[in-house]
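1. Build me a model:
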Amino acid sequence: MVNLILEFKKNKKSKGNNPRPIAFHNKKVCLVTEDSDILPKPGEIWECFLWVEKDKYNLVKPFKKIDKKDLSEEQKRVKQFNKELKKLEKLVETEDDFKKIVFDKETNKPYLFSGEPMPELKKNYSDYIIIKKSFEEKWLRPILNSEDRKAFQRQVL
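-> Below you'll find the predicted structure:
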C-alpha cells in the first residue's frame, strides 16, 4: 500500500465519449479504477492511492490534485508518508494486537487498528499514541516524526 504522485496523459487507446486518462509509474501503466469519483484530465498531476498492483499495470484512485509549483514539496511529503506506512504494515504483519491499518479521514494519517482492551494496550505500547475510538476500536501509532512526538507528549500530560 503506497501513495503515488502521477501526471496523467491522454490515453490514445481509449475509446468512447469520455476516454479515461493514463499515467506511468516504474514502467507500468496506471489506470484509474472504474469506481473512482475522480477522473483526472490529461496534463493534471494527482496524488493517488495504489489500489491494485498487477504485473503489467496498476489501478489507482486519485484523491488530491497537485499544483506543478508544489510538486517537489509534495513528492517529499509522499515519500515520507510511504516510509511511515511501510513501518506500520510491518507491525501489522508481526504483531497480533494489530488487525489492519486505518486512515484518519481529516488528516489521511495512518494508524494501527486494534480491538484489544485498553489496559493491555497501554501496558504493551506505552510509547505509542493511543486513540480510543470506541470500546472495540482503538487506533495506535508509534512515534514516527516530530508531529507524533508532540501528540504523544500531549497524551502523556
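
2. ranges for the helices of the protein?
-> With DSSP state H, the ranges of helices along the chain come out as 71-94, 118-124, 146-156.

3. And the lowest mean pLDDT element among the helices and strands of this protein?
-> helix 146-156 (a mean of 90; mean pLDDT, DSSP states H and E).

4. packing partners for it?
-> With contacts defined as 3 or more CB pairs under 8 Å, 6 or more residues apart in numbering; DSSP states H and E, helix 146-156 has these neighbours: strand 128-132. Using the backbone N, CA and C atoms, a C-beta is placed for each residue, glycine as well.

5. pull the CA atoms of the strand it packs on into PDB?
-> What follows is strand 128-132, C-alpha atoms only, in PDB (Å, rounded to 0.1, in the frame of the first residue of the first chain):
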ATOM      1  CA  TYR A 128       2.700   4.800  21.200                       C
ATOM      2  CA  ILE A 129       0.000   7.400  20.600                       C
ATOM      3  CA  ILE A 130      -3.300   5.600  21.500                       C
ATOM      4  CA  ILE A 131      -6.700   6.900  20.500                       C
ATOM      5  CA  LYS A 132      -9.800   5.200  21.800                       C
END
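
6. That one: partners in the sheet, and parallel or antiparallel?
-> In the sheet, strand 128-132 lines up against strand 138-142 (antiparallel) (DSSP bridges).

7. what angle separates the strand it pairs with from helix 71-94?
-> Using axes from the mean of the first three to the mean of the last three CA atoms, to 10 degrees, the inter-axis angle of strand 138-142 relative to helix 71-94 is 110 degrees.
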